[in-house]
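Asker: Quick check, what structure comes out for this input:
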Amino acid sequence: MNGSPGTITDARKHVSKMLGELRHAIATLLVSLPEGKKDGPLYMHLSDFSVDEEEGPYFSFNRAWELAFQRPKNEKPKLIVHGKYGLKVAHSFASHFANLNGIEAHNDLGLIVI
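Answerer: Now for the predicted structure:
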């Protein structure tokens, strides 16, 4: 992804495809799974869509994403939650940042899908 229009277009298509797959996976979560909570890590870290003006959108995205998802292996299953404060929050957050103007600078759009 060297910044040429073709690669940016390809990256946007790839991100869109992955977000669609995530949306489908969220929609098919078992209702027996726990519901996300307003004070849970997903909503707590992924509900602020503001961008650090000095660092840029990828920094804001990555910092929040890591705070929400970097957990010890045994705690990761606790992040598979549904409902208003569940994984829908993660999808909305990723969708918002993937579509921000300037996210493709410095290959930042490509980093979102890694």
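
Asker: rest of the way, CA atoms for contacts and neighbours
Answerer: Noted.

Asker: Can you classify the residue most central in space within the chain as helix, strand or coil?
Answerer: The centroid of the chain falls nearest to Ala94 when counting by C-alpha atoms, centre = their mean (3.0 Å). For Ala94, the reduced secondary structure class is helix; criterion used: DSSP: H, G, I helix; E, B strand; the rest coil.

Asker: And the one 3 residues further on, by the same measure?
Answerer: Look at Phe97: counting by three-state DSSP, its state is helix.

Asker: circling back to that earlier point, and the residue nearest to the centre of the chain, how close does it get to Ser50?
Answerer: 13 Å (C-alpha to C-alpha, to the nearest Å).

Asker: ok, and what's touching stretch 70-89?
Answerer: With C-alpha atoms under 8 Å, 6 or more residues apart in numbering as the test, stretch 70-89 has contacts from 23, 26, 29, 31, 33-38, 40-43, 46-47, 69.

Asker: among these, which are in helices?
Answerer: 23, 26, 41-43, 46, 69 (DSSP state H).

Asker: and which of the residues you listed is nearest to His14?
Answerer: If you rank the ones in helices among the contacts of stretch 70-89 by distance to His14 using C-alpha to C-alpha, Arg23 comes first, at 14.2 Å.

Asker: For Asp52, grab phi and psi.
Answerer: phi -70, psi 110 (degrees, to the nearest 10).

Asker: What about it, how many residues nearby?
Answerer: Neighbour count for Asp52, taken as other C-alpha atoms under 10 Å: 12.
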